[in-house]
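Peer 1: next comes the sequence, and after it the predicted model I'd like to discuss.
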Amino acid sequence: MSNVLVTGGCGFIGSNFIRSWLKSYPKDKIINLDKLTYAGHISSLRDVEKDKNYKFVKGDICDSKLVAKVVNEVETVVHFAAESHVDRSVVGPAVFVKTNVLGTQVLLDAAVKYKVKHFHHISTDEVFGALPLSSGEKFRENTNYDPRSPYSASKAASDHLVRAYFHTFNLPTTITNCANNYGPYHDPEKLFPRMITDLIDGSPVKIYGDGKYVRDWLHVEDHIRAIDLVIKKGKIGETYLVGSTIKEINNLAVARKLIKLFGKSEKEYIKFVKDRPGHDRRYAIDWSKLARLGWKPKYDLDTGLNETVEWYRQNEWWWRLLKARAEKLYEKTGQK
Ligand code: NAD
Ligand code: TDX
């Protein structure tokens with residue numbers, strides 16, 4: 001039995017993680033520390049909020065007093081909380097540095113002070129920068145960091161801090177750097193749910209620039225199985241990359257797949273909009289180190305997309321208000 005602190009558990013991946021952990025480890029207790037920023041949705045955990053093993057604490061990871069209190073109650077910390085949207089980091093970088101860098105440092109200090117047994121940090125492939133199109137190159141654990149957006153720069157800094165606390169203070173840490181996730185409870189400001197909810201509403205999908213940008217899409221459940229495995233079997237002090245098995249696919253091709261799934265015509269349902277400044281061309285991941293630990297993705301993209309579309313069709317109660325707010329952001333950025 002273990003007590004686990006999850007930060008950012010009301011976000012997309014954190015909420016899926018908590019649901020899965022409570023099911024897999026019914027003897028564990030989870031504390032979810034979440035500030036409920038625009039990206040935190042209490043509704044994403046409506047089905048588990050009465051679980052006796054689950055406790056929600058509303059608060060900021062930068063609040064050292066509160067963080068000390070909750071960290072003192074646990075043996076394991078799983079750190080998801082972050083500002084996560086690249087487009088928002090273009091509009092306002094300061095909060096990214098505050099939460100992603102300073103917030104991580106506050107958590108690490110408390111983890112050292114209260115001698116937590118394991119601190120697992122959730123990070124992203126974006127810390128490695130961008131790869132050229134069709135180069136065949138992939139990110140590996142030893143690829144140099146080369147972040148290019150305020151978001152990825154702040155995540156890179158947080159990764160460095162986690163490794164520094166391992167070396168300097170002997171804090172037992174692990175890190176996973178994962179590819180783009182998709183699946184249920186994904187805020188409609190991000191590409192997949194934005195396209196799906198647009199198509200449900202009969203609107204065209206919005207494609208940045210020429211659409212020839214490549215991401216390594218992974219179903220959120222596969223990411224969660226990877227985190228679970230690294231927490232249980234990962235080597236302390238190590239980093240593991242997490243990626244998919246899908247053939248390289250660009251945003252335009254994903255949009256075409258979805259439009260076909262909705263039985264609509266590509267001509268009417270694709271709208272090209274202004275590109276993202278500093279837009280990373282391509283991400284690709286070599287996850288062979290994690291495969292050696294015994295992990296591989298279960299979802300192929302078609303199955304994952306079908307299930308995700310169905311989830312959004314069935315759960316309009318969850319996304320309708322978020323959609324309106326996301327589209328306000330894109331009105332401001334000129335990408336609507
Ligand atoms: P999200 O934006 O959906 O959720 C972030 C959560 O953190 C929200 O619940 C929010 O309220 C909370 N939060 C933000 N600032 C906080 C603060 N100061 N104190 C406490 N809570 C705070 O993010 P996500 O997509 O679920 O991503 C989770 C983590 O995974 C992030 O660290 C992100 O960098 C990483 N990641 C995401 C992806 C992806 O595709 N979404 C891929 C790889 C890595
Ligand atoms: O409407 C859109 N049209 C479009 O073409 C949106 C919202 C995005 N895009 C493009 C930009 C990217 O090339 O689609 C791609 C994916 O965009 P996002 O969903 O914003 O994801 P990305 O910027 O790749 O970052 C995501 O994956 C890595 C998460 O938001 C990060 O938190 C994670 O680290």
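Peer 2: That came in fine, so what should we check first? Numbering: from 1, shown residues only. Ligands and ions are numbered 1, 2, ... in the order given.

Peer 1: how about stretch 318-331, does it get close to ligand 2?
Peer 2: No: under the criterion of Cβ under 6 Å from any ligand atom, stretch 318-331 makes no contact with ligand 2; the nearest approach is 7.0 Å. Yep, even glycine has a C-beta here, placed from its N, CA and C like the rest.

Peer 1: name the element the nearest residue to Y240 once chain neighbours are set aside belongs to?
Peer 2: Take Y240 and drop its neighbours on the chain: the residue closest to it by Cβ to Cβ, 6 or more residues apart in numbering is L290, 4.6 Å away. Following DSSP states H and E, one finds L290 within helix 288-292.

Peer 1: residues making contact with that helix?
Peer 2: Here helix 288-292 makes contact (Cβ atoms under 8 Å, 6 or more residues apart in numbering) with R140, E141, T176, A226, L229, V230, Y240, L241, V242.

Peer 1: which members of the residues you listed are positioned in helices?
Peer 2: A226, L229, V230 (DSSP state H).

Peer 1: most neighbours, which of the residues you listed?
Peer 2: Within the ones in helices among the contacts of helix 288-292, A226 tops the neighbour count with 24 neighbours, counted by other Cβ atoms under 10 Å.

Peer 1: still on that earlier bit, same question for the helix holding L290, mean pLDDT?
Peer 2: Per-residue pLDDT values across helix 288-292 average out to 98.

Peer 1: what of stretch 320-334?
Peer 2: The model assigns stretch 320-334 a mean pLDDT of 96.

Peer 1: does it come close to ligand 1?
Peer 2: No: using Cβ under 6 Å from any ligand atom, stretch 320-334 stays clear of ligand 1, with a minimum separation of 10.5 Å.

Peer 1: mind listing residues that contact that stretch?
Peer 2: The contact list for stretch 320-334, computed with Cβ under 8 Å, 6+ apart, reads 38, 41, 87-88, 90-91, 187-189, 194, 197, 201, 206, 273-274, 336.

Peer 1: again, 7 Å this time
Peer 2: The contact list for stretch 320-334, computed with Cβ atoms under 7 Å, 6 or more residues apart in numbering, reads D87, V91, D187, P188, E189, R194, T197, K274, K336.

Peer 1: the residue nearest to Y240: neighbouring residues, count only.
Peer 2: 22.

Peer 1: surely D222 meets D300?
Peer 2: No: if you go by Cβ atoms under 7 Å, D222 and D300 don't touch, sitting 10.5 Å apart.

Peer 1: residue numbers of the stretch 1-150 of the chain in contact with ligand 1?
Peer 2: Neighbours of ligand 1 within the stretch 1-150 of the chain, by Cβ under 6 Å from any ligand atom: 7-8, 10-14, 33-37, 39-40, 60-62, 80-84, 99, 103, 122-124.

Peer 1: now tell me which helix or strand of this protein has the poorest mean pLDDT.
Peer 2: For the chain, the helix or strand with the lowest mean confidence is helix 266-269, at a mean of 92 (criterion: mean pLDDT, DSSP states H and E).

Peer 1: would you mind writing the CA trace of that helix as CSV?
Peer 2: Extracted in CSV, the C-alpha atoms of helix 266-269 (Å, rounded to 0.1, in the frame of the first residue of the first chain):
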residue,chain,number,x,y,z
GLU,A,266,-12.4,17.4,-47.5
LYS,A,267,-12.9,20.5,-49.7
GLU,A,268,-15.5,22.0,-47.4
TYR,A,269,-14.2,20.9,-44.1
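
Peer 1: any idea how far that helix is from the chain center?
Peer 2: 30 Å (Cα atoms, centre = their mean, to the nearest Å).
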